[in-house]
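Novice: below are the sequence and a predicted model; questions follow.
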Number of protein chains: 2
Amino acid sequence: MATAKLISGKEVSDEIRSRLKETVANLSIVPKLAIVQVGGREDSNVYIRMKKNFAESVGGTSIHVQLPNTTTQPELEKVVQKLNQDKSVHGIIVQLPFDSIELIDAHEVTNMIVPEKDVDGLTVINSGNLLHGKLGGDHSYKPCTPNGCIELIKKSGVPIAGARAVVIGRSQIVGSPMAQLLVWNNATVTICHSRTKNLPEICREAEILVVAIGKPLFVKKEWIKPGAVVIDCGINSISDPTKKSGQRLVGDVDFDEAKKVASYITPVPGGVGPMTVAMLISNTVDSAVRVSKSK
Amino acid sequence: MATAKLISGKEVSDEIRSRLKETVANLSIVPKLAIVQVGGREDSNVYIRMKKNFAESVGGTSIHVQLPNTTTQPELEKVVQKLNQDKSVHGIIVQLPFDSIELIDAHEVTNMIVPEKDVDGLTVINSGNLLHGKLGGDHSYKPCTPNGCIELIKKSGVPIAGARAVVIGRSQIVGSPMAQLLVWNNATVTICHSRTKNLPEICREAEILVVAIGKPLFVKKEWIKPGAVVIDCGINSISDPTKKSGQRLVGDVDFDEAKKVASYITPVPGGVGPMTVAMLISNTVDSAVRVSKSK
């Protein structure tokens, strides 16, 4: 039986790392990412460590502003404003979700980041540019996870232009920007979500299927068109008595079965995950390059 | 042979006019729309007259700032900034395309309008909110033509939630925001464009088909799923020797044939057209209501 080829996010992100390292080596300034955290969620700590490590591995640097869980929104906003003004900082992210005893509007805080430092690409201005098909350009960043997915699809060699793509999920962070990136890469895109009827049937139309719905092993083998490229943005913890921890990580796609029909598929972990961090640091380096050119 | 029922934009926009008239009658302030024009294109003059007339017909008012075709971008920006600050003005639009001998960046000028007066709903901030599913709300307006289409679909009585919708076109003004409005009305949406392959086949999947591609009589009867709702945003002038003017207006859909298979269809003219103006004045009245409430 044929088996899909794996698209390794690990491998592609390492390629990006090498490319960025070269860029940074030729820069007269050191790209700096500021990470703002409220509280100390363990999962956030892991992600932040990955971001810091990646930044350093390409010759960049980072500052981690860790605020207590008693921080109020005005206090947090003051921190972001200061980073907006700090000329040594090229990218700013606020690590979500906040671990806070105060009521903080994550949307409002995120939108305080000036567009030219919004390396997560999640502010409303970056999103509007994306809807308008203004990708990249001077003060615009592509959101990291969707942009990482595009890189993985490109790695497969399957052309995006003219392909039928289906995106399951319409979140602000993944699904909605993903669909737009595919549209502006000239795919014909169908957006599915919790209210979609006949989801398996619609999935089967996809030559490129991107799943970002947050339900473990949700997409079955029968939903996948033979030969499709399958990109799995899910990362879910399920119980597994055979593991020491009693748990294992799975995606939104039933990987073991799906790989029997797909042509290319991303594993979980090691697929989309590493790409998010790589694209974040790539955006930060881009920002530093712009600053350096404008000098 | 069965024939599709017409969805009359004229009728729906008249209903909206009556509703707005009542709202304005109960307001202590007069909703005011500012229209900024550069040069004097004849088609723009016609549209501006329609907007002014609609505003007045509901008890609102308008100011028409007509600038010479020698206006520079900084001069134009100064005008917009002044209107941004003018408390008597509730909505601002810049009439596109400009008729100017100067190089003016329409995108930049449009984006100078403050979000709370962006009644065309076309600034990048409004577009970002739309991509994020933040519809309406305090400082957010739905773009007029797509929102008019939603009203027309609702008028048909066919449920949007769960329906398969296909949008042909991905323009900033119609196609792209249209797809988002349908997504957030819970349709499963496919976005098609010039690079789409097998367009007729994909069209036939649509229970709701919205066409905004600017090609006269482009969509044929055979492309339409029997019983579909067809919304035609096109407005094209083609030659017609039987007419005194030698021309007539047609949409992007081959209306005479399409009406034989659709369940509901919009005519051109008299379909989407009147709705754009109605939604613009509806947004302007909404803005005035907000201002009045905040007093």
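Specialist: Looks like it came in fine.

Novice: contacts, neighbours, all on C-alpha from now
Specialist: Noted.

Novice: could you measure residue A:151 against residue A:188, distance?
Specialist: From residue A:151 across to residue A:188, the span is 18 Å (CA to CA, to the nearest Å).

Novice: compare the two and say which is more crowded by neighbours.
Specialist: Shown here are residue A:151 and residue A:188; by other CA atoms under 10 Å in any protein chain shown, residue A:188 has more neighbours (28 against 18).

Novice: hey, what's that one bridged with?
Specialist: On the basis of DSSP bridges, residue A:188 is bridged to residue A:164.

Novice: give me the pLDDT for it.
Specialist: pLDDT for residue A:188: 98.

Novice: show me the contacts for it.
Specialist: Contacts of residue A:188 were listed using CA atoms under 8 Å, 6 or more residues apart in numbering or on different chains, and they are A:161-165, A:182, B:190-193, B:195-197.

Novice: now, which of the residues you listed lie within helices?
Specialist: Per DSSP state H, helices hold the following members of these: residue A:182.

Novice: which among the contacts of residue A:188 count as buried?
Specialist: A:161-165, A:182, B:190-193, B:196-197 (16 or more other CA atoms under 10 Å in any protein chain shown).

Novice: mind putting the residues you listed in CSV, distance to residue A:287 included?
Specialist: CSV is the format used below for those (distance: CA to CA, whole Å):
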residue, distance to residue A:287
A:161, 28
A:162, 31
A:163, 32
A:164, 33
A:165, 30
A:182, 23
B:190, 34
B:191, 31
B:192, 33
B:193, 32
B:196, 34
B:197, 37
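
Novice: make CSV out of the contacts of residue A:188 and add distance to residue B:129.
Specialist: Below are the contacts of residue A:188 laid out as CSV (distance: CA to CA, whole Å):
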residue, distance to residue B:129
A:161, 27
A:162, 28
A:163, 28
A:164, 26
A:165, 24
A:182, 19
B:190, 20
B:191, 19
B:192, 22
B:193, 23
B:195, 27
B:196, 27
B:197, 30
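
Novice: name the nearest of the contacts of residue A:188 relative to residue A:44.
Specialist: Within the contacts of residue A:188, the smallest distance to residue A:44 is 28.7 Å, found for residue A:182 (CA to CA).

Novice: for residue A:219, see how far away the residue nearest to that closest one when sequence neighbours are not counted is.
Specialist: Spatially, and ignoring its direct neighbours in sequence, residue A:182 is nearest to residue A:189 (6.8 Å; CA to CA, 6 or more residues apart in numbering or on different chains). Distance, residue A:189 to residue A:219, by CA to CA: 18 Å.

Novice: same check on residue A:230?
Specialist: Residue A:230 sits 10 Å away from residue A:219, going by CA to CA.

Novice: hmm, back to that, the more surrounded of residue A:189 and residue A:219?
Specialist: It is residue A:189, of residue A:189 and residue A:219, that has more neighbours when counted by other CA under 10 Å, with 29 against 23.

Novice: any idea how far residue B:166 is from the more buried one?
Specialist: 10 Å.

Novice: just residue A:248 next, same as before
Specialist: Taking CA to CA, one finds residue A:248 at 39 Å from residue B:166.

Novice: okay, these two: which has more neighbours?
Specialist: Neighbour count, other CA under 10 Å: between residue A:248 and residue B:166, residue B:166 has more, with 27 against 15.

Novice: confidence score at the more buried one?
Specialist: For residue B:166, the pLDDT comes out at 98.

Novice: residue contacts, the spatially most central residue of chain A?
Specialist: Taking CA atoms, centre = their mean, the centroid of chain A lies closest to residue A:145, which sits 1.5 Å from it. Residues in contact with residue A:145 (CA under 8 Å, 6+ apart) are A:173-174, A:272-273, A:275-276, A:279.

Novice: so of those, which ones are in helices?
Specialist: A:272-273, A:275-276, A:279.

Novice: could these be laid out in a markdown table, adding distance to residue A:81, pLDDT and neighbour count?
Specialist: Shown next, in a markdown table, are the ones in helices among the contacts of residue A:145 (distance: CA to CA, whole Å; pLDDT from 0 to 100; neighbours: other CA atoms under 10 Å in any protein chain shown):
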| residue | distance to residue A:81 | pLDDT | neighbour count |
| --- | --- | --- | --- |
| A:272 | 31 | 97 | 31 |
| A:273 | 29 | 94 | 22 |
| A:275 | 28 | 97 | 28 |
| A:276 | 25 | 97 | 22 |
| A:279 | 24 | 98 | 26 |
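
Novice: for the residues you listed, which one is nearest chain B?
Specialist: Of all the ones in helices among the contacts of residue A:145, chain B sits closest to residue A:276, with 19.6 Å by CA to the nearest CA.

Novice: which ones are touching the closest one?
Specialist: A:144-145, A:147-148.

Novice: got the buried residues for stretch A:141-153?
Specialist: Buried, per 16+ other CA under 10 Å, within stretch A:141-153: A:141-153.

Novice: inside helices: which ones of those residues?
Specialist: Those of those lying in helices (DSSP H): A:144-153.

Novice: any idea how far residue A:239 is from chain B?
Specialist: For residue A:239, the distance to chain B (CA to the nearest CA, to the nearest Å) stands at 33 Å.

Novice: for that residue, which non-adjacent residue is spatially closest?
Specialist: Closest residue to residue A:239 apart from its sequence neighbours, by CA to CA, 6+ apart: residue A:247 at 4.2 Å.

Novice: ok, now which ones touch the one you found?
Specialist: A:237-241.

Novice: pick the one among the buried ones among the contacts of residue A:188 closest to residue A:64.
Specialist: When the buried ones among the contacts of residue A:188 are compared against residue A:64 (criterion: CA to CA), the nearest one is residue A:182, at 32.9 Å.

Novice: find the helix or strand that the closest residue to chain B within the stretch 1-150 of chain A is a member of.
Specialist: In the stretch 1-150 of chain A, the residue that lies nearest chain B is residue A:128 (3.6 Å; CA to the nearest CA). Assigning secondary structure by DSSP states H and E places residue A:128 in helix A:124-131.

Novice: pLDDT on that helix, on average?
Specialist: If you average the pLDDT values across helix A:124-131, you get 94.

Novice: ok, and what's touching it?
Specialist: A:111, A:115, A:118, A:121, A:135, A:140-142, A:177, A:180-181, B:123-132, B:172, B:176-177.

Novice: so how far is that helix off the chain centroid?
Specialist: Relative to its chain's centre, helix A:124-131 lies at 16 Å (CA atoms, centre = their mean, to the nearest Å).

Novice: residues of the stretch 101-250 of chain A that sit close to chain B?
Specialist: A:123-132, A:161-163, A:171-172, A:176-177, A:183, A:186-193, A:195-197 (CA under 8 Å from any CA of the partner chain).
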